[in-house]
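J.: Predicted model and sequence below, questions to follow.
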Amino acid sequence: MIFSMAKEKKTNSGGHKKQKQSSTLVAIDLGSSVIRIVAGEVQNDGQVTITYYNQIPSIGIIAGSVCDLPALSNALSTFVNEYETQTQTSLEHCVINITGFHIKSYNDEGNATVQSRVVSVIDKNKAIENARSVRPPEGNHIIHVIPQNYIVENNADVINPIGLHAMRLGVAVHLITCSKDQEQNFRSAITSLSSNVAVDQVVFSGIAAADAVLTEAEKEIGVCLIDFGGGTVDVCVYDKKKLVISFSIDRGGNKITEAIASEFHVPLYMAELLKTRHGVAHRDLMTEEEYQNHLYKIPARIEDGLEEDVFIDTIVMADVIARGIGDICNSICNSIERHVRELQSGHLNLGAGFVITGGMAKLRGVDKLVASCLNPRHNGVPAKVKIGRCIGVTGDDPQIRDPDHAVSIGLLRFSKFASDENSAKEEDIPKGKGKRTLKAIKDWLSKEF
């Protein structure tokens, strides 16, 4: 599936590729079920215009981890060659995502002495840099340092400390770490395509999806984003516009597909088709006609050239799906409750409820089932749940706004504003402060972004 492909006209100087790269961002969504490549332009107001989109079945990735690097690299080689042929550009820079059970997150604080008694960009960056001093789990390293709020003279509700008078500046941050080895595996799969290809950023899939579908109003009153992918489920929780909880579990839609295959003794590819075409999140959500015609037979290939009829009961399949989703929801609830106990406030506001993205978000009735399963207060009242669609996105095909494209779109938007912030910080550093200070800030920027 390919959306509009904006081909830039060549100039007399022959430098059209460089001009193209300066305005077009490229993201590669390395999912456990589908690999996507998306290119587009992101405006300063966050509006995204998609100029290219394509996807292929995933290979070499299981539950967010690389399981066959040569297979993944070969698939990406063909995939990227098609992109370069269609767009008449070479892939030189891209942003990729990462997910998996190895993702760990923490809330911590950093502090810095304000040298001039007036908070500057350097003071702000130094406080954030000092927050990175927390030691991540063995084998992990920090990929995101996300400020939540700043503390100036015992005022912990400061959003932007620049220009305020203070002797000391504090910052509360949310830290996200990942496995260094897994990140390097994904980087190797991309850089093996060409020595000219650079991975500019590695972004946690959960915050990419959140950037694509959540509004600032939802983040302000509290919202939980659940990206329900094939191999993993990523969760990000916001309260008062702050990212306070993030984690990933290594069970997604593929586990439900495996359960269907086991129940009806069919190959995985057929189980996936059954789930996609006839799956319902719960038997109570089936129509009367579906109840009456719930049993039918299909030919299933059991060996090369050999088929036999298999009887499929869609009521039983709905029960299998409901159990799988219920188990995942229980894991999400348990993880959220554990993280809430670690929060300084000891409580969490979710006024906007839960927002679901990912491939499983397209399953009929999944929002109703999740609403009955996700109930942190255990008071019998279903949680508020909605399906998240990408906001502020335009393209030739309206399906680009579907929930399964959230990570891809979010990667572009995240990449744009992280790059802009990076550039702005470098410009704001005063000259004449010494090469040592400049190097420290640049080192911090390279680590954060």
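T.: Sure, I can see it.
J.: So, low pLDDT: which residues of the stretch 301-449 of the chain?
T.: Filtered on pLDDT under 70, the stretch 301-449 of the chain yields the residue ranges 301-307, 375-381, 419-449.
J.: Tell me where it has strands.
T.: All strands of the stretch 301-449 of the chain, identified by DSSP state E, counting those that start in this stretch, fall at 306-313, 354-357, 385-387, 393-394.
J.: Of these, which is nearest G346?
T.: For the strands of the stretch 301-449 of the chain, proximity to G346 was assessed by CB to CB; strand 354-357 is nearest, at 20.8 Å. Yep, even glycine has a C-beta here, placed from its N, CA and C like the rest.
J.: then that closest one to PDB, C-alphas only?
T.: Provided in PDB are the C-alpha atoms of strand 354-357 (Å, rounded to 0.1, in the frame of the first residue of the first chain):
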ATOM      1  CA  PHE A 354      -7.800   5.000  28.100                       C
ATOM      2  CA  VAL A 355      -6.900   5.400  24.400                       C
ATOM      3  CA  ILE A 356      -6.100   2.300  22.400                       C
ATOM      4  CA  THR A 357      -3.900   2.200  19.300                       C
END
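J.: which one of the strands of the stretch 301-449 of the chain is the most hemmed in?
T.: strand 354-357 (a mean of 27; mean count of other CB atoms under 10 Å).
J.: Can you tell me what sits against that strand?
T.: 209, 212-214, 218, 223-228, 366-367, 370-371, 374, 383-388, 403-404, 406-407 (CB atoms under 8 Å, 6 or more residues apart in numbering).
J.: Buried only: go through those for me.
T.: 209, 212-214, 218, 223-228, 366-367, 370-371, 374, 383, 385-388, 403-404, 406-407 (16 or more other CB atoms under 10 Å).
J.: Okay, and K255 sits in which element?
T.: helix 253-264 (DSSP states H and E).
J.: What residues of that helix count as buried?
T.: In helix 253-264, counting by 16+ other CB under 10 Å, buried: G253, N254, K255, I256, T257, A259, I260, A261, F264.
J.: could you dump the residues you listed to CSV with pLDDT and distance to I62?
T.: Shown next, in CSV, are these (pLDDT from 0 to 100; distance: CB to CB, whole Å):
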residue, pLDDT, distance to I62
G253, 94, 13
N254, 94, 8
K255, 95, 11
I256, 96, 15
T257, 96, 13
A259, 97, 16
I260, 96, 18
A261, 94, 16
F264, 92, 22
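J.: and the closest residue to N107 other than its chain neighbours, how many neighbours?
T.: Spatially, and ignoring its direct neighbours in sequence, N107 is nearest to H174 (5.6 Å; CB to CB, 6 or more residues apart in numbering). Counted with other CB atoms under 10 Å, the neighbours of H174 add up to 22.
J.: Which strands and helices lie in contact with the helix or strand containing H174?
T.: In this structure, H174 is located in strand 168-179 according to DSSP H and E. Judged by 3 or more CB pairs under 8 Å, 6 or more residues apart in numbering; DSSP states H and E, the packing partners of strand 168-179 are strand 104-113, helix 121-131, strand 140-152, strand 198-204, strand 242-249.
J.: winner for burial among the ones you listed?
T.: strand 242-249 comes out most buried of the helices and strands packed on strand 168-179 by mean count of other CB under 10 Å, with a mean of 23.
J.: what ranges do the helices span in the stretch 251-400 of the chain?
T.: Shown for the stretch 251-400 of the chain, the helices assigned by DSSP state H, counting those that start in this stretch span residues 253-264, 268-278, 288-292, 314-342, 366-373.
J.: Any chance you could list what contacts the third one?
T.: Counting by CB under 8 Å, 6+ apart, the neighbours of helix 288-292 from elsewhere in the structure are V280, T314, I315.
J.: Can you tell me how far the nearest residue to the last one once chain neighbours are set aside is from S133?
T.: For I315, ignoring the flanking residues on the chain, the nearest one in space by CB to CB, 6+ apart is H294 at 4.7 Å. Here the criterion is CB to CB, to the nearest Å. By it, H294 lies 59 Å from S133.
J.: Please identify which of those two sits among more neighbours.
T.: Neighbour comparison, H294 and S133: the larger count goes to H294, with 17 against 8 (by other CB under 10 Å).
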